[in-house]
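# Sharing a model prediction with you, sequence too.
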Amino acid sequence: MPDSHLAERGVATTYEARRAAFSWEIPRDLNIAAACVDAHDPRHPALLVPGPNGSLQTISFGDVAVLSNRFVNALRGLGVRPGDRVGIVLAQRLETAVSHVAVYRLGAVAVPMSVLFGFDALAHRFRDSGVRLIVTDAERLERVATAAAGTGATIVVVDGEPPLPHRGFASLVKDASAVLTPVPTTAETPALLIYTSGTTGPPKGALHAHRVLLGHQPGFRLSHDDFPQPGDVFWTVADWAWIGGLMNGLLSSWYHGRPVVAASRAGFDPEWAAHLIVACGVRNTFAPPTALKLMRNAGVRIPGALRTVMSGGESLGADMLEWGREALGVTVNEIYGQTEANYVIGNSQACWPVRPGSMGRAYPGHTVAVIDEQGTPVPGGELGEIAVALPDPVSFLRYWGAEEATEEKTRGGWLRTGDRARLDDGGYFWFEGRTDDVISSGGYRMGPDEIEQCLMRHPAVALAAAIGVPDETRGEIVKAFLLLADGVEPSPELEADVRAHVRTQLAAYEAPREIDFVDEIPLTVTGKVKRSELRHRERSRW
């Protein structure tokens with residue numbers, strides 16, 4: 001496979017030289033599974049899975065190839081065909097990775113979903129994507145099965161033998177053949193459908209082609225200071241259900257033939273993470289800003305363990321960068337991207353100076369500008385919207401079933417991010433805020449509309465509004481304003497119940513950490529919540 005992403009290694013060293021030397025060579029025929037698994041020595045380690053008493057199980061690329069081949073044949077026996085959507089509701093584990101590889105081999109479309117999702121979040125994604133089959137675990141089977149009711153989707157459970165009509169992963173792969181003729185795919189064949197929250201309506205599915213893997217490589221390599229290097233081992237706290245955990249971690253590491261640690265737990269424990277990094281020999285990690293701040297607050301110090309740390313979602317600032325150098329022994333490389341076009345801006349401290357507080361520069365291969373409403377780049381130093389020039393291999397194909405939203409997102413030959421910034425004379429981007437109402441908290445991006453609709457399904461709530469307010473650790477937290485139904489009085493018990501309602505129906509990170517019971521909520525003449533007015537009121541209190 002042509003690999004222009006590595007062509008500049010050892011030749012171009014400066015930022016300007018790397019951009020000038022770079023060119024895309026995307027092959028016509030491309031499959032993520034072949035590029036990430038079959039291209040490597042089958043004896044080499046692919047996954048490292050921590051076990052009890054400090055044990056560490058090693059899964060080779062050959063193991064992944066055989067298991068995924070068997071699972072493809074099992075999926076075919078269950079009626080899954082090229083183009084069908086396959087939901088994956090699993091944490092970091094072997095079966096998650098195997099499921100992704102099998103879906104790509106089959107020419108089907110993987111629809112990863114967080115294990116944190118509640119009923120509403122799962123049900124919307126199952127129905128909107130039209131999943132043919134769902135892979136999950138025993139712990140989440142009841143919730144998944146209830147949310148999938150009426151879709152006709154087959155459910156495969158990865159641990160144990162579930163009750164009928166569900167199927168067990170272990171017996172399926174045991175009985176299936178390891179001999180496989182993979183489905184031919186091109187760089188433009190759909191491979192991945194990841195849902196992203198907007199400000200109006202329910203979450204939209206961003207559909208990506210197999211080329212998205214290659215689109216990530218300039219940023220991935222540089223944000224990890226010329227990855228791979230001898231001894232590199234990758235782990236991320238980020239869920240593989242998100243494009244950050246999946247593409248910024250698992251699949252990009254595998255593309256370069258480097259092993260990945262598969263380990264996760266409910267809630268982030270900074271001391272557990274530090275122990276895992278040292279015990280498993282992790283050299284490279286993607287850690288959202290919230291995780292790094294929690295590690296700092298816990299007094300974590302592991303200098304010399306890590307070679308590179310990449311972070312994204314919000315600016316770390318000079319103090320956090322200095323903490324990273326002292327406590328972790330590295331300069332954290334911050335990056336920027338979205339589900340629709342990820343890893344387009346960032347830093348590489350080994351290749352160019354980091355300007356604390358900035359987002360970094362556009363990575364080679366991506367043309368990123370700050371534009372006005374008409375799509376014209378604005379002069380340096382002026383405020384505008386961050387936009388990615390199209391076509392770009394990392395850009396999504398379209399929103400699933402949302403043609404108008406796709407056209408609005410990509411009008412004028414630009415993928416418009418909705419984020420505002422200024423561009424300085426060195427090509428560094430400086431974030432200035434959102435053009436819409438998306439809430440960014442702890443590495444998660446949330447649309448307020450979905451939260452508001454969930455809040456209003458609580459019997460005590462007549463009307464709700466949700467905005468993001470600043471938080472030192474998480475960047476932002478969700479704050480809700482609730483107009484209660486007639487006869488309902490505010491109380492600490494009601495506040496706790498409302499919060500639990502959102503946590504159960506959507507996800508824990510979408511539950512409002514602050515709640516104000518109000519007598520009115522500002523609305524436009526068409527009845528829409530005036531979130532800008534609520535934010536303005538809050539700013540006067542900060």
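Ah, there it is.
# so where's the protein shaky on pLDDT?
1-12, 198-201, 434-436, 524-528, 540, 542 (pLDDT under 70).
# From the centre of it, give me the residue that's furthest out.
residue 487 (42.1 Å; Cα atoms, centre = their mean).
# Three-state assignment for that residue, please.
coil (DSSP: H, G, I helix; E, B strand; the rest coil).
# State the distance from it to residue 494.
Distance of residue 487 to residue 494, computed by Cβ to Cβ, to the nearest Å: 12 Å. Heads up, the C-betas are built off the backbone N, CA and C, glycines and all.
# Check residue 187 too.
From residue 187 to residue 494 the distance is 53 Å (Cβ to Cβ).
# Then residue 291?
As judged by Cβ to Cβ, residue 291 and residue 494 stand 32 Å apart.
# quick one: which of these two has more around it?
residue 291 (21 against 18; other Cβ atoms under 10 Å).
# so that one touches residue 237, yeah?
Yes - using Cβ atoms under 8 Å, residue 291 makes contact with residue 237 at a distance of 5.1 Å.
# Give me the common contacts of the two.
268, 273 (Cβ atoms under 8 Å, 6 or more residues apart in numbering).
# can you give me the helices in the stretch 151-300 of the chain?
Along the stretch 151-300 of the chain, counting by DSSP state H, counting those that start in this stretch, helices occupy 169-175, 212-215, 217-223, 243-245, 252-255, 270-279, 289-297.
# and the second one, C-alpha only, in CSV?
The C-alpha trace of helix 212-215 is given here as CSV (Å, rounded to 0.1, in the frame of the first residue of the first chain):
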residue,chain,number,x,y,z
VAL,A,212,-10.5,8.0,7.2
LEU,A,213,-7.8,5.7,8.7
LEU,A,214,-5.1,7.2,6.4
GLY,A,215,-6.5,10.7,7.0
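# what packs against it?
Under the contact definition 3 or more Cβ pairs under 8 Å, 6 or more residues apart in numbering; DSSP states H and E, helix 212-215 sits against no other helix or strand.
# let's see 10 Å
helix 32-33, strand 190-196, strand 204-209, helix 252-255 (3 or more Cβ pairs under 10 Å, 6 or more residues apart in numbering; DSSP states H and E).
# do the same with the fourth one
Using 3+ Cβ pairs under 10 Å, 6+ apart as the contact criterion, the secondary-structure elements in contact with helix 243-245 are strand 190-196.
# now the angle from the strand it packs on to strand 204-209?
With axes from the mean of the first three to the mean of the last three Cα atoms, to 10 degrees defining the directions, strand 190-196 sits at 160 degrees from strand 204-209.
# Strand 190-196: which residues count as buried?
190-196 (16 or more other Cβ atoms under 10 Å).
# Kindly report the same for stretch 115-130.
115-118, 120-126, 128-129.
# you'd agree residue 509 is in a helix?
Yes - under three-state DSSP, residue 509 sits within a helix.
# Surely it touches residue 116?
Yes - with contact defined as Cβ atoms under 10 Å, residue 509 counts as touching residue 116 (6.8 Å).
# overlap in contacts of those two?
444, 503 (Cβ atoms under 10 Å, 6 or more residues apart in numbering).
# returning to what we had before: residue 513: which of the buried residues of stretch 115-130 is nearest?
residue 116 (15.5 Å; Cβ to Cβ).
# Please name the nearest non-neighbouring residue to the closest one.
Closest residue to residue 116 apart from its sequence neighbours, by Cβ to Cβ, 6 or more residues apart in numbering: residue 507 at 4.3 Å.
# Report the angle between the helix or strand encompassing residue 100 and strand 190-196.
In the assignment (DSSP states H and E), residue 100 maps to helix 94-106. Calculated by the same axes, to 10 degrees, helix 94-106 forms an angle of 130 degrees with strand 190-196.
# now helix 94-106, how far from the centre of its chain.
17 Å (Cα atoms, centre = their mean, to the nearest Å).
# And the next helix or strand after it, how far out from the chain middle?
Sequence order places strand 109-112 as the next helix or strand after helix 94-106, per DSSP H and E. Remark: strand 109-112 is offset 13 Å from the chain centroid, using Cα atoms, centre = their mean.
# got the domain boundaries for the chain?
For the chain, automatic domain parsing gives the domain ranges 24-44+56-211, 439-539.
# from these, which stretch is densest packed?
Mean neighbour count (mean count of other Cβ atoms under 10 Å) peaks for domain 24-44+56-211 among those, with a mean of 20.
# How far does that one stretch from one end to the other?
Using Cα to Cα, to the nearest Å, the span of domain 24-44+56-211 from its first residue to its last is 11 Å.
# what do you get for stretch 335-351?
So stretch 335-351: terminal residues 14 Å apart, Cα to Cα.
# ditto for stretch 115-133
16 Å.
# next one: it to chain centre, how far?
From the chain centre to the centre of stretch 115-133 is a distance of 16 Å (Cα atoms, centre = their mean).
# just stretch 399-418 next, same as before
19 Å.
# Next: stretch 236-244.
5 Å.
# Keeping just the C-alphas, turn that stretch into PDB.
Output in PDB follows, covering the C-alpha atoms of stretch 236-244 (Å, rounded to 0.1, in the frame of the first residue of the first chain):
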ATOM      1  CA  THR A 236      -5.800   5.600  25.900                       C
ATOM      2  CA  VAL A 237      -8.300   6.200  28.700                       C
ATOM      3  CA  ALA A 238     -10.800   7.200  25.900                       C
ATOM      4  CA  ASP A 239     -13.600   4.800  25.100                       C
ATOM      5  CA  TRP A 240     -13.100   3.100  21.700                       C
ATOM      6  CA  ALA A 241     -16.700   4.100  21.000                       C
ATOM      7  CA  TRP A 242     -15.400   7.600  20.300                       C
ATOM      8  CA  ILE A 243     -13.400   8.600  17.200                       C
ATOM      9  CA  GLY A 244     -10.700   9.800  19.600                       C
END
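# got the buried residues for it?
Per 16+ other Cβ under 10 Å, stretch 236-244 contains these buried residues: 236-244.
# Pick the one among the residues you listed closest to residue 330.
residue 236 (15.0 Å).
# my guess is that closest one meets residue 251, correct?
No - using Cβ under 10 Å as the test, residue 236 is too far from residue 251 to be in contact (11.5 Å).
# shared neighbours of these two, which are they?
With Cβ under 10 Å, 6+ apart, residue 236 and residue 251 have common neighbours 245, 260.
# quick one: terminal-to-terminal distance for stretch 342-362?
End-to-end for stretch 342-362, by Cα to Cα: 11 Å.
# how far is it from where the chain is centred?
With Cα atoms, centre = their mean, you get 19 Å for stretch 342-362.
# Flag every buried residue along it.
Buried residues in stretch 342-362 (16+ other Cβ under 10 Å): 342-349, 351-352, 354-355, 358-362.
# Just those: which are in strands?
Among the buried residues of stretch 342-362, the members found in strands (DSSP state E) are 345-346, 361-362.
# Greatest separation within the residues you listed: which pair is it?
Maximum distance among those (Cβ to Cβ): 8.7 Å, for 346 and 362.
# And residue 83, how close does it get to residue 516?
47 Å.
# Looking at this structure, which helix is longest?
helix 61-77 (DSSP state H).
# Could you identify the helix or strand that succeeds that one?
That would be, after helix 61-77 and using DSSP H and E, strand 85-89.
# So which other helices or strands are in contact with that next one?
By 3+ Cβ pairs under 10 Å, 6+ apart, strand 85-89 packs against helix 94-106, strand 109-112, helix 119-129, strand 133-136, helix 141-147, strand 154-157, strand 190-196.
# Tabulate the ones you listed (JSON lines), appending distance to residue 418.
Compiled in JSON lines, the helices and strands packed on strand 85-89 are given as follows (distance: least, Cβ to Cβ, whole Å):
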{"stretch": "helix 94-106", "distance to residue 418": "28"}
{"stretch": "strand 109-112", "distance to residue 418": "23"}
{"stretch": "helix 119-129", "distance to residue 418": "21"}
{"stretch": "strand 133-136", "distance to residue 418": "31"}
{"stretch": "helix 141-147", "distance to residue 418": "29"}
{"stretch": "strand 154-157", "distance to residue 418": "35"}
{"stretch": "strand 190-196", "distance to residue 418": "11"}
